[in-house]
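1. Below is the sequence, then the predicted model.
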Amino acid sequence: MLRVVIRASECFACGLCYVLAPNVFVEGADGKAEIDPRFRSNTPFEGEVPDDLAPDVIRGMMTCPSKAIDIAT
């Protein structure tokens, strides 16, 4: 499992992550990225994503212009 964290304060709702990796990221009510509810931990901005979705996580992380997405260890 990959622990994924979105720093909501740095996300400016461009939508690239949830357009390019919709299996992991979704659009929140305010337009900011959130973790898909299936994978959320404590908040919409933290979650545990299965290893088989690692390419999607990396795609979302690498395309984020504000670098608001991290894979935590």
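-> Done, it's in. As the structure is a computational prediction, the values presented were derived from the model and not from experiment.
2. Based on its surroundings, how many neighbours for M62?
-> Applying the criterion other CB atoms under 10 Å, we find 13 residues in the vicinity of M62. In short, each C-beta sits where N, CA and C put it, glycine included.
3. same deal with the one 10 residues further on?
-> With neighbours defined by other CB under 10 Å, the count for A72 comes to 9.
4. Do you know the pLDDT at T73?
-> The predicted structure scores T73 at 65 on the pLDDT scale.
5. now G47
-> 98.
6. Contact partners for it?
-> Residues counted as contacts of G47 (CB atoms under 8 Å, 6 or more residues apart in numbering) are 3-4, 35-36, 39-41.
7. just the buried members of these?
-> Burial of these was assessed by neighbour count (16 or more other CB atoms under 10 Å); the buried members are 4, 35-36, 39-40.
8. between those, which is closest to P65?
-> P65 lies nearest to V4 out of those, by CB to CB, at 17.5 Å.
9. Tell me the bridge partners for the closest one.
-> G47, I71 (DSSP bridges).
10. residues touching I69, list them.
-> For I69, the set of contacting residues under the criterion of CB under 8 Å, 6+ apart consists of 4-7, 17, 25, 33, 57, 60-61.
11. Tell me how many other residues crowd the residue nearest to it when sequence neighbours are not counted.
-> Setting aside the residues directly before and after it, I69 is nearest to M61 in space (CB to CB, 6 or more residues apart in numbering), at 4.3 Å. Other residues lying near M61 total 19 when counted by other CB under 10 Å.
12. can you give me the strands in this structure?
-> All strands of the chain, identified by DSSP state E, fall at 2-6, 25-27, 33-35, 46-49, 69-72.
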